[in-house]
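A.B. asks: structural data only, the sequence is not supplied:
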């Protein structure tokens with residue numbers, strides 16, 4: 001589990017390798033990741049967009065930007081949380097990803113919060129530093 005807190009908004013990520021969707025013989029590896037976003041502050045915020053940086057085991061980097069997460073732009077009052085699950089494929093058996101969510105406060109202030117960088121590792125493979 002990986003956690004980062006920015007401006008009292010806590011983002012926790014739990015990655016999981018999906019062997020049933022992966023095919024190592026074809027250099028296809030797939031991970032799911034569950035994300036929990038908790039508003040521990042005293043102001044209502046809304047997630048507007050995401051910016052992911054995904055790096056494979058060979059150091060090749062891909063960036064993914066877009067509105068919301070899984071088709072939603074959740075609004076979180078103080079004490080509320082939002083959870084979702086998504087996934088990513090890689091052509092190598094390891095890598096890592098992280099990034100930012102772009103948020104807006106009730107007062108209209110736009111700001112970024114950190115998505116913790118997390119490791120994507122295939123069970124049984126020797127770990128390598130990416």
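C.D. replies: Done, it's in. As the structure is a computational prediction, the values presented were derived from the model and not from experiment.
A.B. asks: what about the helices in the chain?
C.D. replies: In order along the chain, the chain carries no helices (DSSP state H).
A.B. asks: quick one: pLDDT of the residue of it most remote from its centre?
C.D. replies: Distance to the chain centre peaks in the chain at residue 25, reaching 26.7 Å (criterion: CA atoms, centre = their mean). pLDDT for residue 25: 94.
A.B. asks: what sits against it?
C.D. replies: Contact partners of residue 25, counting by CB atoms under 8 Å, 6 or more residues apart in numbering, are absent. To be clear about C-beta, it is placed using only N, CA and C from the backbone, and glycine gets the same treatment.
A.B. asks: next: residue 92.
C.D. replies: Per CB under 8 Å, 6+ apart, neighbours of residue 92: 27, 29, 56-58.
A.B. asks: the nearest residue to it once chain neighbours are set aside - how many residues pack around it?
C.D. replies: Residue nearest to residue 92 in three dimensions, not counting chain neighbours: residue 57, with 3.4 Å by CB to CB, 6 or more residues apart in numbering. Using other CB atoms under 10 Å, residue 57 has 20 other residues around it.
A.B. asks: check what pLDDT residue 57 gets.
C.D. replies: 93.
A.B. asks: phi, psi for it please.
C.D. replies: Dihedral angles of residue 57 (phi, psi; degrees, to the nearest 10) stand at phi -70, psi -10.
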